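Visitor: need coordinates for the following:
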Amino acid sequence: MNVYLAGLNCGNISKKQKMNIYLAGFHGEKNRTNQNDILKQKIYVLESFAYIKDWQLPLIKNEWNFLLDSGAFTFMDNVQERTTGIDWNDYVKRYADFINKMNIDLFFELDIDSILSLKEVEKLREKLEKLTGKKSIPVWHRSRGIDY
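Guide: Below you'll find the model as predicted:
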């Protein structure tokens, strides 16, 4: 099972606090014989394109199993304030450029159905996949309907 840590860069953890991750049931016989391999495994990190910082870049490439979110939630949080003047085609291009530069395999589409029409979201997905040469991870929303 892969568990991704989300929001490492969100500022919810101060210098005095840290996120602790506990591995439950580590005492099994198989773990005793494989303990070095287990301890060397990369952690799984989910981060938003809208919040990526320079300090994360070497970790994305070398230390993490990485899943990239488009940052769409940032724009859905306050649609009026955050979508004024946003050029979504430019955003997709910058998102795709980052995916290509960092050689990211796992990334979400821009699921901004609540801001644009589903048809426009599909066009952005198509553009993203053409620019990266990779399939994005679609995000299903109730508004898309069960058949979608």
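
Visitor: tell me the helix or strand right after the one helix or strand in the chain whose mean pLDDT sits lowest.
Guide: When each helix and strand of the chain is scored by mean pLDDT, DSSP states H and E, helix 79-82 comes last, with a mean of 53. Proceeding N to C from helix 79-82, the next assigned helix or strand is helix 88-102, under DSSP states H and E.

Visitor: show me what that following helix is packed against.
Guide: Judged by 3 or more CB pairs under 8 Å, 6 or more residues apart in numbering; DSSP states H and E, the packing partners of helix 88-102 are helix 57-62, strand 64-69, helix 118-132. To be clear about C-beta, it is placed using only N, CA and C from the backbone, and glycine gets the same treatment.

Visitor: what about these, which gets the closest to Ile43?
Guide: The closest of these to Ile43 is strand 64-69. By CB to CB, the value is 6.0 Å.

Visitor: partner strands of the closest one, parallel or antiparallel?
Guide: Strand 64-69 sits in its sheet next to strand 43-48 (parallel), strand 106-107 (parallel), going by DSSP bridges.

Visitor: and the ones you listed, which one's lowest on average pLDDT?
Guide: Confidence, taken as mean pLDDT, is least for strand 43-48 of these (a mean of 84).

Visitor: dump the strands paired with strand 64-69 into a markdown table; add mean neighbour count and distance to Arg125 as well.
Guide: As requested, the strands paired with strand 64-69 are exported to a markdown table (neighbours: other CB atoms under 10 Å; distance: least, CB to CB, whole Å):
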| stretch | mean neighbour count | distance to Arg125 |
| --- | --- | --- |
| strand 43-48 | 18 | 17 |
| strand 106-107 | 19 | 11 |
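
Visitor: now tabulate those in CSV and tack on distance to Glu122.
Guide: Listed next are the strands paired with strand 64-69 as CSV, based on distance: least, CB to CB, whole Å:
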stretch, distance to Glu122
strand 43-48, 21
strand 106-107, 16
